[in-house]
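**Student:** could you look at this predicted model? Sequence included:
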Amino acid sequence: MSLVFYSNTDAPEPWREAIRAALPSLPFHVWPQTGDPAAVRYTLVWKPPAGWHGRFPHLQAILSLGAGVDAILADPQLPPGVPVLRLLDAGLSRQMAEYAAYGVLHFHRRMHEYALQQRERRWEPLAPTATGDFAVGVMGLGVLGGEAARHIAAMGYPVLGWSRTPKRIPGVKCYDADDLDRFLAHTAVLVNFLPLTQATTGMLDARLFAKLPQGACLVNLARGAHVVDADLVAALDSGQIGGALLDVFHDEPLSRDHPYWRHPRVIVTPHVAAVTLASEAAAQVIANLQRLERGEPPLGAVDRAAGY
Ligand code: NDP
Ligand code: OXD
């Protein structure tokens, strides 16, 4: 039995070393090497092409190199019944919370507006908002969103949270799924931590933006396809959205002619809000491989029907 690693963005070597040290009898192949496809029991992957998993007839588990599994589940030929395991934190929570906190501070301290002033050499102090009056709305209160909400609340911001099922998080006012409008109405900066599913695709659209207070800002560090790009550009142009910090996009890398690059109210980062580090995540992957080898249920199995 063996494992095949597939990623265009993660270096295989630290994974090979860590897995070899813990499971010396498990051959580790890096795509396009696979050894005997019939011997492959596990894959460790980031964004494998559609149909790719079909070549391994005896696959027992698909291990994701990321927390989000939308790219894996989008494959219409994904072998049925094979568990898909995602990363649970594994070093990502802290990075995501830092990135979200950066976005909150940026917009709260009106850096997006001072950046515009600087272009025009304009010296114009703007009215400050007390930290306690600048509400941060966190969409998605799972492993990563929940930790970011706690982190931002500890910075003194009022934090509102929204999730599919009700949550209780100290310091966070949690709204249920059917209370989206009330959640949005009080949000000065919206931070998106939702997984990309059928239910959440395209939900950051003109209708949703119109429910935010005028000039509210957006931090999107979840997935690009949550956003209807044309609606966001229109909302930025009209002033309904004051600024956007965007880490994720429909197509990555973002095409050179995309309007986001040159929009004066948009900051683009290249999908780096949280980067999977083998030094922090390999222990979790190894623990799951060991569980599988012992016939125990693995951790982080996603609900393929729900999409996360
Ligand atoms: P989780 O699955 O732990 O949490 C998802 C949260 O979203 C849960 O609170 C869930 O609700 C909620 N949710 C899901 N569907 C809906 C819905 N239809 N309506 C309302 N709430 C919903 O995911 P993680 O926190 O681990 O990860 C979140 C996402 O972050 C990933 O899917 C990935 O896309 C993104 N990500 C981005 C990175 C980057 O570098 N930019 C790095 C890592 C992850 P409930 O609790 O009720 O199930
Ligand atoms: C992830 C990501 O899902 O990097 O982990 O986006």
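**Tutor:** That came through, no problem. Bear in mind the structure is a predicted one, so any value in this text is a computation, not a measurement. Numbering: from 1, shown residues only. Ligands and ions are numbered 1, 2, ... in the order given.

**Student:** what's the spacing between the nearest residue to Thr165 once chain neighbours are set aside and ligand 2?
**Tutor:** Spatial nearest neighbour of Thr165, excluding adjacent residues (CB to CB, 6 or more residues apart in numbering): Ala177 at 7.5 Å. Heads up, the C-betas are built off the backbone N, CA and C, glycines and all. According to CB to the nearest ligand atom, to the nearest Å, Ala177 stands 22 Å off from ligand 2.

**Student:** Ala177 reaches Ser163, doesn't it?
**Tutor:** Yes: using CB atoms under 8 Å, Ala177 is in contact with Ser163, at 7.2 Å.

**Student:** spatially nearest residue to the residue sitting nearest the centre point of the chain (excluding sequence neighbours)?
**Tutor:** Taking CA atoms, centre = their mean, the centroid of the chain lies closest to Ala222, which sits 3.2 Å from it. Leaving aside its chain neighbours, Ala222 sits nearest to Asn192 (4.6 Å; criterion: CB to CB, 6+ apart).

**Student:** quick one: Thr34 from ligand 2, how far?
**Tutor:** According to CB to the nearest ligand atom, Thr34 stands 24 Å off from ligand 2.

**Student:** ramachandran angles for the residue nearest to Ala222?
**Tutor:** phi -100, psi 120 (degrees, to the nearest 10).

**Student:** what parts of the stretch 51-200 of the chain come near ligand 2?
**Tutor:** Gly66, Ala67, Gly68, Leu92 (CB under 6 Å from any ligand atom).

**Student:** make it 5 Å
**Tutor:** Gly66, Ala67, Gly68 (CB under 5 Å from any ligand atom).

**Student:** Gln95 is in contact with the second one, correct?
**Tutor:** No: because the distance of 10.8 Å does not satisfy CB under 8 Å, Ala67 is recorded as not touching Gln95.

**Student:** remind me which helix or strand the residue of the chain most remote from its centre belongs to.
**Tutor:** The outermost residue of the chain, judged against the average C-alpha position, is Trp123 (36.8 Å), by CA atoms, centre = their mean. Using DSSP states H and E, Trp123 is not contained in any helix or strand.

**Student:** is Gly242 located within a helix, as I assumed?
**Tutor:** No: counting by DSSP: H, G, I helix; E, B strand; the rest coil, Gly242 is not part of a helix but strand.

**Student:** excluding sequence neighbours, find me the nearest residue to it.
**Tutor:** Using CB to CB, 6+ apart, the closest residue to Gly242 is Gly215 (4.1 Å).

**Student:** I'd like to know how far the one you found sits from Glu113.
**Tutor:** Distance, Gly215 to Glu113, using CB to CB, to the nearest Å: 10 Å.

**Student:** who's more crowded, the two?
**Tutor:** Regarding Gly215 and Glu113, a neighbour count based on other CB atoms under 10 Å identifies Glu113 as having more, with 16 against 13.
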